[in-house]
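Q: model the following, please.
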Amino acid sequence: VFATIWATRSETAEAQNILTLQTGSITFFSSAPLEDIQAVNTTFTTTINLSDSSVMFTVPIEGFVFPKKLMQEHFNDQYMESSKYPTARFQGKLTHLPQKITGAVDLQTRVKGILTIRDISRTIDEPVSFTMAGNNIAAICEFMVRPADYGIKIPKVLIKNIAEEVKVTVKVIYSSR
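A: Just a heads-up that it's a prediction; the model follows:
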């Protein structure tokens with residue numbers, strides 16, 4: 001929704017302050033005694049508006065790819081119910097993000113906003129690293145998600161297969177339109 005609103009603005013200066021995804025990945029990793037679980041998603045969309053430091057992500061749940069097909073089926077059908085909840089979303093703000101990028105800059109800041117998974121929304125506040133050069137921004141953010149916080153039920157028989165907390169790693173390169 002934000003991307004559509006931003007894309008329809010006719011102000012040239014405003015358009016230059018909006019950066020969109022050039023390339024990126026969202027990975028999650030669950031370490032458990034019986035089996036590690038990892039999946040990667042490269043099918044999401046994200047935008048940063050440098051004018052107001054807002055950031056948004058829309059992540060199709062079925063875009064997560066697992067090394068084992070059965071893991072992917074269980075993830076989509078039993079845990080995430082991706083037919084009922086097809087996307088995860090994040091909408092937030094970055095702290096201390098310069099409105100203009102001049103030269104190469106490395107920046108440590110935070111992102112605070114609402115993460116919505118399975119229609120359950122929670123506030124998150126996490127560190128993020130940026131490398132800015134020219135019209136590009138590379139960003140990396142790692143944080144932990146508790147599946148139970150988002151209504152994801154793990155059957156007791158599988159409790160040793162899935163960690164209580166899942167590590168999420170977001171790596172993106174934004175560029176101006």
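Q: contacts only, for residue 104.
A: Contacts here follow Cβ atoms under 8 Å, 6 or more residues apart in numbering; on that basis residue 104 touches 131, 132, 133. Any C-beta I mention is one placed from the backbone N, CA and C, and that applies to glycine too.
Q: just the ones of the residues you listed in strands?
A: Judged by DSSP state E, those include 131, 132, 133 as members of strands.
Q: which of these are buried?
A: Buried residues within the ones in strands among the contacts of residue 104, defined by neighbour count using 16 or more other Cβ atoms under 10 Å: residue 132.
Q: want to throw the ones in strands among the contacts of residue 104 into a markdown table with pLDDT and distance to residue 57?
A: Supplementary listing: the ones in strands among the contacts of residue 104 in a markdown table, determined by pLDDT from 0 to 100; distance: Cβ to Cβ, whole Å:
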| residue | pLDDT | distance to residue 57 |
| --- | --- | --- |
| 131 | 91 | 19 |
| 132 | 84 | 19 |
| 133 | 80 | 22 |
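Q: out of the ones in strands among the contacts of residue 104, who's nearest residue 23?
A: In terms of Cβ to Cβ, no member of these lies closer to residue 23 than residue 131, at 14.0 Å.
Q: beta partners of the closest one?
A: Applying DSSP bridges to residue 131 gives these bridge partners: residue 106, residue 138.
Q: residue 138 is in contact with that one, correct?
A: Yes. When contacts are counted by Cβ atoms under 8 Å, residue 131 is listed as touching residue 138 (4.5 Å).
Q: so what pLDDT did residue 23 get?
A: According to the model's per-residue confidence, residue 23 sits at a pLDDT of 95.
Q: got the contact list for it?
A: Applying Cβ under 8 Å, 6+ apart to residue 23 gives the contacts 42, 172, 173.
Q: and it, how far is that from residue 171?
A: Summarising the geometry, the distance separating residue 23 from residue 171, computed by Cβ to Cβ, to the nearest Å, is 9 Å.
Q: just the strands in this structure please.
A: 18-30, 37-41, 45-49, 54-60, 87-94, 105-117, 120-133, 136-145, 166-176.
Q: in the last one, which residues are buried?
A: Read that as strand 166-176. Within strand 166-176, the residues that qualify as buried are 166, 168, 170, 172, 174, 176, counting by 16+ other Cβ under 10 Å.
Q: partner strands of that strand and their direction?
A: strand 18-30 (antiparallel), strand 136-145 (antiparallel).
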